[in-house]
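Engineer: Pasting the sequence and the predicted model now:
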Amino acid sequence: MHPVLFRIPGLDFPLRTFGALVACGILFGIWVWGRLLARYGNDPRGDPQRGSQVALWLVVGILVGARLFYVGVETTRYLAAGLNKEQIAFLNGEEHGTTALTPEAAEAARRVSVGHDFLHDPFKILLIWQGGLVMYGGLIGGILFGLYGARKYGLDPWNGFDTGLLCGFIGLILGRVGCLLVGDDYGSVVPSAWEQSWRPLHLPNGGEIGPLTIRVPSLEWLSQNPESLFDHDLAGKVLWATQPWMSLNALLIALCGCIWLKYRRHYGVPAALMLVQYAVCRFTIEIFRGDEVRGVWFGGKLSTSQLVSVVVFASGLWLFVRRRRTPAVVVRG
């Protein structure tokens, strides 16, 4: 809807809305984490300082994990597409590949062009401000790097997991707004019965945003703004508002996490409950997703994120049962 926040004068370098909101979400989450550690930490004075040291590892883990997961998905899509020589030449910008392709073949090549670019120009893997982060990859990377950082600096890993995961969902609220503005993670085309659903926010580019559905900006605007990730054949169509749903989902999990943390009796239980809640909600929202990466397993019946959701759900349940058997903690705050 608004992929570029502004361009730096003199350099014509775009500051992308997605990257700006992801950065704001991370910084705000780290700030909240310090306050939670001061209230619920084992050492009210020392834990916030330790948390600030661990935060660097968390940020690295989130970004590395989220980016590598995205790169893996896109390169797998490209390799599995089985493009012919003409389509590959088309993606390489060679003229003979352009003239030899039908419009359908060219569109099929465009849909996997991101994976092609990663393989043929690995430098683009580093351009995370252009979009392309997978939440589940960030979750896994953040947990692994955060655990290492917690042990390195003496922060209780389980208390850090409870408070840190809560702050991760707080940051995700802003990050998913970035997905909406860059046109990523969009929903499928809605049935005709829902096309007239309430969309209170109308944008000059022809886009509309509502609690249930969104309208994609006009084709003219998409053509003039190639930074947007909406497919051009979706111009003007009404889609399920999956990006706002995921922001609201993160907000709901964060609110529940605050309650579970306040009445916590066992370290790790709040984190386990948040993992279970996110897995269920993410699996459900994925049903309404419409971007190409969604259906890649079992004939397109399940997306990669849905398969990961099943694993996260089972892991959360296992962690909940296991941590409930540990000694009770002293409730603070």
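Structural biologist: Ah, there it is. Numbering: from 1, shown residues only.

Engineer: Please name the residues that touch the residue nearest the centre of the chain.
Structural biologist: By Cα atoms, centre = their mean, the chain has its centre lying nearest to Met135, at 3.7 Å. When contacts are counted by Cβ atoms under 8 Å, 6 or more residues apart in numbering, Met135 touches Ala66, Leu172, Gly175, Arg282. In short, each C-beta sits where N, CA and C put it, glycine included.

Engineer: among the residues you listed, which are in helices?
Structural biologist: Secondary structure assignment by DSSP state H places Ala66, Leu172, Gly175, Arg282 of the contacts of Met135 in helices.

Engineer: Make JSON lines out of these and add neighbour count.
Structural biologist: Converted to JSON lines, the ones in helices among the contacts of Met135 look like this (neighbours: other Cβ atoms under 10 Å):
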{"residue": "Ala66", "neighbour count": "24"}
{"residue": "Leu172", "neighbour count": "25"}
{"residue": "Gly175", "neighbour count": "26"}
{"residue": "Arg282", "neighbour count": "20"}
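
Engineer: ranges for the strands of the stretch 1-150 of the chain?
Structural biologist: Assigned by DSSP state E, counting those that start in this stretch, the stretch 1-150 of the chain shows strands spanning 4-8, 13-16.

Engineer: Show me what counts as buried in the last one.
Structural biologist: Pointing back at strand 13-16 there. For strand 13-16, a neighbour-count test (16 or more other Cβ atoms under 10 Å) marks Pro14, Arg16 as buried.

Engineer: Likewise for the longest one?
Structural biologist: Under the neighbour-count criterion of 16+ other Cβ under 10 Å, strand 4-8 has Val4 buried.

Engineer: do the same with stretch 92-111
Structural biologist: Neighbour-count burial for stretch 92-111 flags Gly97, Ala100, Leu101, Ala105, Ala106, Ala109 (criterion: 16+ other Cβ under 10 Å).

Engineer: my read: Leu77 touches Gly115, true?
Structural biologist: Heads up, residue 77 is Arg, not Leu. Yes - between Arg77 and Gly115 there is a contact under Cβ atoms under 8 Å: 5.3 Å.

Engineer: Looking at those two now, which is surrounded by more residues?
Structural biologist: Taking neighbours as other Cβ atoms under 10 Å, Arg77 and Gly115 compare with Gly115 leading, 21 against 17.

Engineer: Double-check that one against Thr75; I have them as touching.
Structural biologist: Yes - using Cβ under 8 Å, Gly115 is in contact with Thr75, at 4.3 Å.

Engineer: Output the below-cut-off pLDDT ranges for this structure.
Structural biologist: For the chain, residues meeting the criterion pLDDT under 70 lie at 95-99, 129-131, 292-296, 329-333.

Engineer: So which residues of it form helices?
Structural biologist: According to DSSP H, the helices that the chain contains are 17-40, 46-81, 85-91, 95-99, 103-110, 113-120, 135-153, 157-182, 219-224, 242-262, 269-286, 304-324.

Engineer: Which one of those lies nearest to Pro211?
Structural biologist: Closest of these to Pro211 is helix 242-262, at 7.0 Å (criterion: Cβ to Cβ).

Engineer: Brilliant, that's me finished.
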